[in-house]
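> Have a look at this fold, sequence not included:
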Ligand code: MN
C-alpha cells in the first residue's frame, strides 16, 4: 500500500501508511499548545485540525485537541479500529480524497515532523516493569548467583515484575541526571551515600494499556491482548550499584526510580499484527491462566547505541529482537490483573530487558561487560564498563515488512552529572 504523501513510500521510512503511530506535538516556534497527531512519512497529521473540521467526531467530545492520547485511548477498541480505517483511507493512494484533494486543509493539517517538538504521548497512569527475557534473566542470575541458581524458582512459572514509578517516565530527548543513592561496594563494611558509579540502560519494549479492568476481576490472555493500545521503545535506566545493595527482599526501588525513557510515537498494535510470533515452548507447563491462544510476541528488530560527548558517530552496543522474550505483554498484563489488581488506561508495562542468546544480543551493559569486569571498546577507541557522564544512549526498533518497515523512531537520552548535593544538616 502506498500513500499520496510520497516520503511515506520510501522503503526505509519509519512511518509508512501501514504504521500510523500516535504522538503529541507542538508547532514550534509558533508556541501552539501540544495536540495529538499521527506520523506519516516526514509529516505529522494534526488530528486536532481534523477534529475541529468535523472530519473526526467522537460524539462531540474533544479527544485530540489535548496534550495526551488518553482521551482517545478511553474511546475503546472499536473507536481505535474505526479511526485507523479512516486514517488509512484518507492517507493511502487512491483512497478517500477529503484530505488529498483539499490543499487548504493540507496546509493546516500537515506539519513537517522535523520542525515539531514532541512530548510525552500519554499520561502514564502507573508503570510496571517485568523481567521476562530468559536469556537476560539467566545471564544476570549467573553473574549474581552462579549458573546453578541463575533462574529463581518462580521464574519459569510467572512473569516476574515490580511496581515502578509513573512519575519519572519521560519522553525521548530528556536528559537524566546521574542519581545518588546508598552504595555498598563488596569490600566495604558499611554503605555510603553518593553518585552511582554503575549507570546502565535496559533495552525494552513498553506496552501501553488502553482499556481498564474492574478491581477484583481477573482477565484472560485474549482479553489482555485486546486491551493493549500500542507499543513504544522503553529505556529502563538502571543504577546497578544502588540496585545491588537495595534489591533484597522487595526488588528494585531507587536504583530504577530516577528515570525511564520512552519513544514519542505509540505504534498501534494493529500495525504490528502481521509480525506476531509465538512465545517459545515453555520449559515447564504454564498454569492455564497464562496460556496464550494468539501469538503474543512480535518480530521487532531492536538496537541500542552509545555516543560519548564529542564522538562523531554512535557505537552499536547490541542488536536483538522482541521475539526473544519468554513472556508476552499480554501474559504480563494477565498476570498483573490476576489477583484483582485494577488496570487503568495509560498503564505502561515494560517488557524487561530484551536479550538474545549471543553476546551481540545483550540488551544492557551489566550483561555486556560482565557487571563491569570486561570493558568493551567503542568505535572511538574509548572503553566503557558502564555509562559515563554525557554519554548518549539511543534505542531504535522496526518490524520489517515486504518493501516497508513499521518504525518506532528512537528513544534517546544522555546521562548528565549529578545535581548539586543538598546540605544534609538543613
Ligand atoms: Mn527493566
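It's in. Being a predicted model, the structure only gives us computed values, none of them experimental.

> Quick check: which element contains the residue in the stretch 1-150 of the chain positioned nearest to the ion?
Nearest residue of the stretch 1-150 of the chain to the ion: residue 129, at 4.5 Å (Cβ to the ion). Backbone N, C-alpha and C define where each C-beta goes, glycine included. Here residue 129 sits within strand 127-130, counting by DSSP states H and E.

> any idea of the mean pLDDT in that strand?
Averaged across strand 127-130, pLDDT comes to 98.

> So which residues make contact with that strand?
159-166, 169, 204, 236, 252, 256, 260, 327, 332, 336, 347-352 (Cβ atoms under 8 Å, 6 or more residues apart in numbering).

> Next up, the contacts around the residue nearest to the residue of the stretch 1-150 of the chain closest to the ion when sequence neighbours are not counted.
Closest residue to residue 129 in three dimensions, ignoring its sequence neighbours and counting by Cβ to Cβ, 6 or more residues apart in numbering: residue 350, at 3.8 Å. By Cβ under 8 Å, 6+ apart, the contact list for residue 350 reads 127, 128, 129, 130, 164, 202, 204, 205, 206, 234, 236, 260.

> Who does the third one form a beta bridge with?
Read that as residue 129. For residue 129, the beta-bridge partners under DSSP bridges are residue 162, residue 350.

> Could you give the number of residues near the residue in the stretch 201-350 of the chain that the ion sits nearest to?
Per Cβ to the ion, residue 236 is where the stretch 201-350 of the chain lies closest to the ion, at 3.4 Å. For residue 236, the count of nearby residues is 27 (other Cβ atoms under 10 Å).

> same thing with residue 212?
Per other Cβ under 10 Å, the neighbour tally for residue 212 reads 16.

> For the contacts of residue 350, which two are the farthest from each other?
Farthest apart among those by Cβ to Cβ are 164 and 205. That separation is 15.0 Å.

> Comparing those two, which residue is more hemmed in?
Neighbours were counted for residue 164 and for residue 205 using other Cβ under 10 Å; residue 205 has more, 26 against 23.

> Helix, strand or coil: sort out the more buried one for me.
With DSSP: H, G, I helix; E, B strand; the rest coil as the basis, residue 205 sits in strand.

> Show me what it bridges to in the sheet.
Judged by DSSP bridges, the bridge partners of residue 205 are residue 233.

> can you tell me which residues contact residue 323?
Contact analysis of residue 323 by Cβ under 8 Å, 6+ apart lists 277, 297, 298, 299, 300.

> Buried only: go through the residues you listed for me.
Buried residues within the contacts of residue 323, counting neighbours by 16 or more other Cβ atoms under 10 Å: 277, 297, 298, 300.

> what's the following helix or strand after whichever helix in the chain runs longest?
With secondary structure taken from DSSP state H, the chain has its longest helix at helix 77-91. Counting by DSSP H and E, the next helix or strand C-terminal to helix 77-91 is helix 103-109.

> How far off centre is that following helix?
32 Å (Cα atoms, centre = their mean, to the nearest Å).

> Next: stretch 121-130.
10 Å.

> Pull up the distance across that stretch, start to finish.
Terminal residues of stretch 121-130 lie 22 Å apart, using Cα to Cα, to the nearest Å.

> Name the residues of it that come out as buried.
So stretch 121-130, judged by 16+ other Cβ under 10 Å, has buried residues 121, 122, 123, 124, 125, 126, 127, 128, 129, 130.

> cool, and stretch 90-99?
For stretch 90-99, the buried set under the neighbour-count rule, 16+ other Cβ under 10 Å, comprises 90, 91, 92, 95, 99.

> How about residues contacting the worst-scoring helix or strand of the chain on mean pLDDT?
Here the helix or strand of the chain ranked lowest by mean pLDDT, DSSP states H and E is helix 134-145, holding a mean of 93. With contact meaning Cβ under 8 Å, 6+ apart, helix 134-145 is reached by 131, 149-152, 155, 160, 244, 280, 324, 326, 352-357, 361-364, 366-367, 370-371.

> Let's see that with 7 Å instead.
Applying Cβ atoms under 7 Å, 6 or more residues apart in numbering, the contact partners of helix 134-145 are 131, 149-151, 155, 324, 326, 352-353, 355-357, 362-363, 366-367, 370-371.

> ok, that helix near the ion or not?
No: Helix 134-145 lies out of reach of the ion by Cβ under 5 Å from the ion, never closer than 8.9 Å.

> Identify the single longest strand in this protein, thanks.
Assignment by DSSP state E gives strand 405-416 as the longest strand of the chain.

> List the backbone torsions phi and psi for residue 315.
The phi and psi values for residue 315, taken as degrees, to the nearest 10, are phi -110, psi 130.

> burial count for the nearest residue to residue 116 once chain neighbours are set aside?
In this structure, residue 116 finds its nearest non-sequential neighbour in residue 25, 4.2 Å apart by Cβ to Cβ, 6+ apart. Using other Cβ under 10 Å, the number of residues around residue 25 comes to 24.

> quick revisit: using JSON lines, please lay out the contacts of residue 350 together with distance to residue 176.
As requested, the contacts of residue 350 are exported to JSON lines (distance: Cβ to Cβ, whole Å):
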{"residue": "127", "distance to residue 176": "15"}
{"residue": "128", "distance to residue 176": "20"}
{"residue": "129", "distance to residue 176": "16"}
{"residue": "130", "distance to residue 176": "21"}
{"residue": "164", "distance to residue 176": "15"}
{"residue": "202", "distance to residue 176": "13"}
{"residue": "204", "distance to residue 176": "16"}
{"residue": "205", "distance to residue 176": "20"}
{"residue": "206", "distance to residue 176": "16"}
{"residue": "234", "distance to residue 176": "14"}
{"residue": "236", "distance to residue 176": "12"}
{"residue": "260", "distance to residue 176": "9"}
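
> Perfect, that will be all.
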